[in-house]
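**Q** fold the following, please.
(chains A and B)
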Amino acid sequence: MPFTLTEKILRAHADDPDTVVPGSVVMVRCDLVMANDVSGPMAFRAMEKMGAERVFDPERVVIIPDHFIPAKDAKSASLQKLLRDWSEAQGVTFYEQGRGGIEHAVLVEDGWVVPGSVIAGGDSHTCTLGALGAFGTGLGSTDVAACLATGMFWQAVPGTIQVELTGGCGPFVTGKDIILAVIGELGAAGGTNQVLEFVGPGAEALSIDERLAVANMAVEAGSETGFFPADETTAAYLEGRTDTPWTAGRTDDGAELTARIEIDLGSLKPLVSLPHSPANVVPVEDAVGRRIDQAYIGNCGNGTMTDLRQAAEIFRGRKLAPGVRAIIVPATQRIYREAMSEGLLDVFVEAGAMVSTPTCGACFGGGTGILAAGEAAITTTNRNFRGRMGSPEAEVYLANAWVAAAAAVAGEIVDPAEIAETVAA
Amino acid sequence: MIVSGRAVVIREDNIDTDVLYPGAYLNITDVEEMTKYLFDGYDPSLRDQLGGDTILVVGRNFGAGSSREHVPQAMRASGIRALVGESFARIFYRNCINLGLPAFWSAEAAATAEPGSTVEIDTAGTITVDGRAFDTPPLPEFMQDLLERGGLEDWVRAQVTRT
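**A** I've put the predicted structure just below:
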């Protein structure tokens, strides 16, 4: 019988594979459980109420404070302290601030994620891990508590929407534009109870950085996760990062799909999500001229070297527009150092931008770049909900790093090609 | 299991968890304190309409976005007994069920309910709004069990004690 890749992964993680049929509820074993300074404290409390004193397997639990770091106040600091103390008592891996970065990026970079694995994360953007062909899925604190206690979570078996990518991306078109195109087509709820599976020559041609950008926003279409079946690019990326054995899987021919979408990457243009929904997608030309006060380049899916290099290419030899500020957030400490050794951080500072330590920060309105009423930001982040980055009277535009950097130079949204054509000083 | 109460209605679709409970308050762990910020980015005055018998009636894709359990935690602690909506976003929906907060899908029931309507939910598959009955798909057995136990904590406790 033909199966989707999701079904194959869930069958391998269920006690009775035959119970894995679309719509049925099954208990799924986790290969890894992750919590942060927002989801962790409530999960630890729930785990205690469940009567579990120890985690199911300390080797399979990773705790990463990344939301309110560096601590913005004593309350946030106490959560981070709780995470540190709890991790030590439980003997689980803890990423101290300054030694890791933003959770999903750290898990990918440090070899915690292999294709075909199931990863339960106390954060909705755990779907980012799908870049490596893992079933990474976001859960709330009580779910995470159950995972910590038993290594299992319940899951209604989702359907699959296959997204076939053909052709190649043109200039200034990135992974961000691919996922914005998908969300624009499906809508904010079009992927509910579904997994997005990215296949085809266009998918295989994408780097891991681009795949991270795509998988990161699967949840913005309502999906359980979004993933790229493992291929040679995945294998090359994992080389030297992990000893965990894995095998590549694919959806069988003839497996039942909920839907199939085709996107010719060659036809894509840089896209922008207008306020206040990631699904409110238009071509950049329809957003041209919108004034911005802040550009924010970074987050769990778009703080990669690829993003930083794109931004630096725009910023090199140019200055931010008067009155405009830019915040650059490398996703991990390793990316930060790499950007430093490539000279990118100098380019940012020279242009008049701020470089932040890796943090979720302003991406979710936690700190380090909050917007005032009446302000507008263009960001490479994943959500532009009303009030997401601060004031409910602020506006957030989502776009790729080329578009965000170009807007910072122009002071308003522009086609990045226009900025790139001007002669840099 | 039957849950009944008085409707408080949010008609708008795609209400996200950021407006239901803004990110700035995610460092709060005390549930009573969370209740002060429920609906803060949407309409804080909704808080005054909540009593011990509220059924929150919502639109399509309610609870989109973040995994923050602060939202259903604060809802439960504010006297919301159950939700009826056209549809719910995945993680928010899971969080509700895990906390023993029934969340039922029925576009017709949600569209029929007015503020103050009497809503009765029979978790076996019927929602009654001011005397008019609407079918709702019955929950899988596992989720029914979670609701009857008051949530996932009790279910896991039973597993942990058994082993």
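
**Q** for the rest of this, base every contact and every neighbour count on C-alpha atoms.
**A** Noted.

**Q** and A:Ala287, how many residues sit next to it?
**A** Neighbour count of A:Ala287, defined by other C-alpha atoms under 10 Å in any protein chain shown: 19.

**Q** show me what contacts it?
**A** Residues in contact with A:Ala287 (C-alpha atoms under 8 Å, 6 or more residues apart in numbering or on different chains) are A:Val272, A:Leu274, A:Ile413, A:Val414.

**Q** quick one, grab the pLDDT at the residue of chain B found nearest chain A.
**A** At 4.4 Å from chain A, B:Arg157 is the closest residue in chain B, using C-alpha to the nearest C-alpha. Predicted confidence (pLDDT) for B:Arg157: 97.

**Q** hmm, it is touching A:Met50, no?
**A** Yes - using C-alpha atoms under 8 Å as the test, B:Arg157 is close enough to A:Met50 to be in contact (4.4 Å).

**Q** need the longest strand for chain B.
**A** Under DSSP state E, the strand in chain B containing the largest number of residues is strand B:2-9.

**Q** close to chain A: what parts of chain B are there?
**A** Residues of chain B found near chain A (C-alpha under 8 Å from any C-alpha of the partner chain) are B:14, B:16, B:18-19, B:22-24, B:26-29, B:41, B:61, B:64-69, B:89-92, B:94-95, B:98-99, B:140, B:142, B:152-154, B:156-157, B:160-161.

**Q** sec struct for A:Met47, please.
**A** At A:Met47 the chain is in helix, as set by DSSP: H, G, I helix; E, B strand; the rest coil.

**Q** any idea how far it is from chain B?
**A** Between A:Met47 and chain B the distance is 8 Å, computed by C-alpha to the nearest C-alpha, to the nearest Å.

**Q** run a quick neighbour tally on that residue.
**A** Using other C-alpha under 10 Å, A:Met47 is surrounded by 27 other residues.

**Q** next: B:Asp13.
**A** By the measure other C-alpha under 10 Å, the count of residues near B:Asp13 is 17.

**Q** check which helices and strands the helix or strand of chain B with the lowest mean pLDDT sits against.
**A** Of all helical and strand segments in chain B, the minimum by mean pLDDT, DSSP states H and E falls on helix B:152-162, at a mean of 91. Of the remaining helices and strands, those touching helix B:152-162 by 3 or more C-alpha pairs under 8 Å, 6 or more residues apart in numbering or on different chains; DSSP states H and E are helix A:39-49, helix A:141-150, helix B:90-98, helix B:141-149.

**Q** swap the cut-off to 10 Å and go again
**A** On a contact count with 3 or more C-alpha pairs under 10 Å, 6 or more residues apart in numbering or on different chains; DSSP states H and E, helix B:152-162 meets helix A:39-49, helix A:141-150, strand A:152-156, helix B:90-98, helix B:141-149.

**Q** give me the contacts around it.
**A** The list of residues contacting helix B:152-162 from outside it, by C-alpha atoms under 10 Å, 6 or more residues apart in numbering or on different chains, reads A:46-53, A:142-143, A:145-147, A:149-150, A:152-154, B:95, B:97-100, B:142-143, B:145-149.

**Q** buried ones among these?
**A** Buried positions within these, assessed by neighbour count (16 or more other C-alpha atoms under 10 Å in any protein chain shown), are A:46-47, A:50-52, A:142-143, A:145-147, A:149-150, A:152-154, B:95, B:97-100, B:143, B:145-147.

**Q** just how off-centre is the longest strand of chain B within its chain?
**A** Per C-alpha atoms, centre = their mean, to the nearest Å, the displacement of strand B:2-9 from the mean C-alpha position of its chain is 11 Å.

**Q** rounded mean pLDDT for it, please.
**A** Over the span of strand B:2-9, the pLDDT mean works out to 97.

**Q** that older thread, tell me the most packed of the contacts of A:Ala287, by neighbour count.
**A** When neighbours are counted as other C-alpha under 10 Å, the busiest of those turns out to be A:Val272, with 31 neighbours.

**Q** any figure for the gap between the closest residue to it other than its chain neighbours and chain B?
**A** In space, not counting the residues next to it along the chain, A:Val272 is nearest to A:Ala399; the distance is 4.9 Å by C-alpha to C-alpha, 6 or more residues apart in numbering or on different chains. A:Ala399 sits 18 Å away from chain B, taking C-alpha to the nearest C-alpha as the criterion.

**Q** quick check: A:Ala399 touching A:Thr379?
**A** Yes - the criterion here is C-alpha atoms under 10 Å, and A:Ala399 meets it with A:Thr379 at 6.1 Å.

**Q** between these two, what contacts are shared?
**A** Between them, A:Ala399 and A:Thr379 share the neighbouring residues A:Val272, A:Ser273, A:Ile297, A:Ala405, with contact defined by C-alpha under 10 Å, 6+ apart.

**Q** compare those and tell me which has the most neighbours.
**A** A:Ala405 (34 neighbours).

**Q** A:Ala399 and A:Thr379: which has the busier surroundings?
**A** The residue with more neighbours, out of A:Ala399 and A:Thr379, is A:Thr379; 31 against 28, by other C-alpha under 10 Å.

**Q** could you check how far the residue nearest to that one when sequence neighbours are not counted is from A:Ala410?
**A** With sequence-adjacent residues excluded and distances taken as C-alpha to C-alpha, 6+ apart, A:Thr379 is closest to A:Tyr296, at 4.5 Å. Taken as C-alpha to C-alpha, to the nearest Å, the spacing of A:Tyr296 relative to A:Ala410 amounts to 15 Å.

**Q** could you flag which of the residues of chain B next to chain A are buried?
**A** Among the residues of chain B next to chain A, those scoring as buried are B:14, B:16, B:18-19, B:22-24, B:26-29, B:41, B:61, B:64-69, B:89-92, B:94-95, B:98-99, B:152-154, B:156-157 (criterion: 16+ other C-alpha under 10 Å).

**Q** hmm, back to that, take the shared contacts of A:Ala399 and A:Thr379 and keep only those in strands.
**A** With DSSP E as the criterion, strands contain A:Val272, A:Ser273, A:Ile297 from among the shared contacts of A:Ala399 and A:Thr379.

**Q** kindly reformat those residues as TSV containing distance to A:Gly374 and pLDDT.
**A** As requested, these are exported to TSV (distance: C-alpha to C-alpha, whole Å; pLDDT from 0 to 100):
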residue	distance to A:Gly374	pLDDT
A:Val272	19	98
A:Ser273	18	98
A:Ile297	20	98
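
**Q** out of the residues you listed, who's nearest chain B?
**A** When those are compared for distance to chain B (C-alpha to the nearest C-alpha), A:Ser273 comes out closest, at 15.3 Å.

**Q** how far away is the residue nearest the centre of chain B from B:Asp154?
**A** Per C-alpha atoms, centre = their mean, the C-alpha nearest to the average position across chain B is that of B:Leu83, at 3.9 Å. Per C-alpha to C-alpha, B:Leu83 is found 21 Å from B:Asp154.

**Q** over to A:Glu109?
**A** Counting by C-alpha to C-alpha, the gap from A:Glu109 to B:Asp154 is 36 Å.
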